[in-house]
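Student: Predicted model and sequence below, questions to follow.
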Amino acid sequence: MTSGSCWPCRIFAIAMGYEDLNDHQALRSDPVLAVLTGRPPSADEPLASSPTLCRLENRVTRGDLARMSRVLVEQFIASYESPPEELILDFDATDDPIHGNQEGRFFHGYYDHHCFLPLYVFCGSRLLVSYLRPSNIDGAHHAWPILKLLVQRLATGVARGADHRPRGFGFCRRRMMKWCDRHGVKYVLGLARNTVLRKRPSPSCRRPRPSSPPRSRRCGTSTRSSTRRRPGIAARA
């Protein structure tokens, strides 16, 4: 089988919930999967086996991953007929549980299990970045360079000629905030709680009254109403 026929087999299997390569020992004879990949069901010519797909995945290089990531951004830009007034980038790190002794397996104290710690970037409901990382790192690892690349590309593409520059939201890290301030990118960051913030909160950090809408959904994200404020930090302590 060629790589062009192997990739659809692997992609459709993952979409159906069969993430483990071992599942393909049975799926390679599945008639429905054969039809989805554009091949007639045949017992004499099964689909790719688990070892074949494993070798295929291990051929992927960093350059291939970069080009795949670029497709998400370019499709997002192409979806706009005219520049939007603003773009809100939502950065979020979450856990991806690991089962078995997979490469890059580490225990994460906050999530209390072995997992990966991928970084996702959304603009509304549209996925712009899906970056797989091990969990033995800082949750904001590589968030700043990803934000920089996104803002630079969006500013020359979908946001060209717009009244407002893209507004990126990340994690509370000095280099990221300094870069945003220098380039006019507004941001809202979530601060981790500590004794100083609890004793001396600024007016923007105080818990809102019950009748007032919350300033942010959770640490690391924000609502549209929070972006109407001047550039700076809006945190909940």
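Tutor: Alright, I've got the coordinates.

Student: can you pull out the strands in this protein?
Tutor: Applying DSSP state E to the chain gives strands spanning 88-93, 96-97, 106-108, 113-116, 119-123, 126-131, 167-169.

Student: Test for you: state the pLDDT assigned to the nearest residue to Leu119 once chain neighbours are set aside.
Tutor: Nearest residue to Leu119 in three dimensions, chain neighbours excluded: Tyr131, at 4.4 Å (C-beta to C-beta, 6 or more residues apart in numbering). Yep, even glycine has a C-beta here, placed from its N, CA and C like the rest. Note for Tyr131: predicted pLDDT of 92.

Student: Just give the number of residues close to Tyr131.
Tutor: Tyr131 sits with 16 neighbouring residues when counted by other C-beta atoms under 10 Å.

Student: list the contacts for it?
Tutor: 69, 118-120, 142, 146 (C-beta atoms under 8 Å, 6 or more residues apart in numbering).

Student: at 10 Å what do you get?
Tutor: For Tyr131, the contacting residues are 65, 69, 93, 117-121, 141-143, 146, by C-beta atoms under 10 Å, 6 or more residues apart in numbering.

Student: Against Glu81, how distant is it?
Tutor: Separation of Tyr131 from Glu81 (C-beta to C-beta, to the nearest Å): 29 Å.

Student: ok, now His108?
Tutor: 42 Å.

Student: Compare these two (neighbour count), which wins?
Tutor: Set side by side, His108 and Glu81 show more neighbours around His108, with 19 against 6, by other C-beta under 10 Å.

Student: does that one really touch Arg133, like I thought?
Tutor: No - His108 lies out of contact with Arg133 (C-beta atoms under 10 Å); the separation is 11.2 Å.

Student: what do those two both touch?
Tutor: Joint contacts of His108 and Arg133 (C-beta under 10 Å, 6+ apart) are 116-117, 139.

Student: Who wins on neighbours among those?
Tutor: Leu117 (23 neighbours).

Student: Let me see the contact set for it.
Tutor: Per C-beta under 10 Å, 6+ apart, neighbours of Leu117: 93-96, 104, 106, 108, 110-111, 131-139, 141.

Student: do the same with Tyr18
Tutor: Per C-beta under 10 Å, 6+ apart, neighbours of Tyr18: 10, 12, 24, 26-27, 30, 33.

Student: Out of the residues you listed, which end up buried?
Tutor: Listed as buried from those are 10, 12, 24, 27, 30, 33; burial here means 16 or more other C-beta atoms under 10 Å.

Student: Tell me who's in contact with Gly100.
Tutor: Contacts of Gly100 were listed using C-beta under 10 Å, 6+ apart, and they are 20, 114.

Student: Which helix runs longest in this protein?
Tutor: Secondary structure of the chain per DSSP state H: the longest helix is helix 62-78.

Student: Give me the angle between that one and strand 126-131.
Tutor: 170 degrees (axes from the mean of the first three to the mean of the last three C-alpha atoms, to 10 degrees).

Student: As a check, name the ranges of all helices in the chain.
Tutor: Counting by DSSP H, the helices of the chain are 3-15, 24-27, 31-36, 50-58, 62-78, 143-156, 174-182, 195-199.

Student: In TSV, list those along with mean pLDDT and distance to Glu85.
Tutor: Listed next are the helices of the chain as TSV, based on pLDDT from 0 to 100; distance: least, C-beta to C-beta, whole Å:
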stretch	mean pLDDT	distance to Glu85
helix 3-15	86	34
helix 24-27	92	46
helix 31-36	90	40
helix 50-58	91	41
helix 62-78	90	16
helix 143-156	88	13
helix 174-182	86	19
helix 195-199	76	33
